[in-house]
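Q: Sequence unavailable; structure follows:
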């Protein structure tokens, strides 16, 4: 079965994922908040579609809508795959074989659509 997920808000860049707190590297609040919401969305989708965690290498096709040319979409992929794992779509995000199909720049719009078999 083909699965399609849409995130209307882009994840934070992997480059801005950590901050130093009391000498330790921790995830920034913005990243934690985005990941929590995205993982809940994935978990809801999995429950509604009876999707069990995928445990084999699987191609995930990505269609990006970016609000400007400065954003590097490949820096947004890891947070997306973390959400797939935390939400239960994948047993481990190492099984994600990402394939960007299209990147479109539209002022004041953002999002990503993912499609995969499972």
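A: That came in fine, so what should we check first? Just so it is clear, the structure is predicted and the values come from calculations on it, not from any experiment. Numbers count the residues shown, from 1 in each chain.
Q: Which residue ranges of this protein form strands?
A: 2-7, 18-21, 24-27, 58-66, 96-105, 111-117 (DSSP state E).
Q: between these, which one is nearest to residue 40?
A: Of all these, strand 2-7 sits nearest to residue 40, with 11.9 Å by CB to CB. Placement of C-beta: from N, CA and C, glycine included.
Q: Just put the strands of the chain in TSV and tack on mean neighbour count.
A: Shown next, in TSV, are the strands of the chain (neighbours: other CB atoms under 10 Å):
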stretch	mean neighbour count
strand 2-7	15
strand 18-21	11
strand 24-27	12
strand 58-66	18
strand 96-105	13
strand 111-117	18
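Q: quick one: which of those strands is nearest residue 41?
A: With respect to residue 41, and counting by CB to CB, the nearest of those is strand 2-7 at 7.4 Å.
Q: rewinding a little: so can I have JSON lines of the strands of the chain showing distance to residue 89 and mean pLDDT?
A: Shown next, in JSON lines, are these (distance: least, CB to CB, whole Å; pLDDT from 0 to 100):
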{"stretch": "strand 2-7", "distance to residue 89": "8", "mean pLDDT": "96"}
{"stretch": "strand 18-21", "distance to residue 89": "24", "mean pLDDT": "91"}
{"stretch": "strand 24-27", "distance to residue 89": "20", "mean pLDDT": "92"}
{"stretch": "strand 58-66", "distance to residue 89": "9", "mean pLDDT": "98"}
{"stretch": "strand 96-105", "distance to residue 89": "9", "mean pLDDT": "97"}
{"stretch": "strand 111-117", "distance to residue 89": "8", "mean pLDDT": "97"}
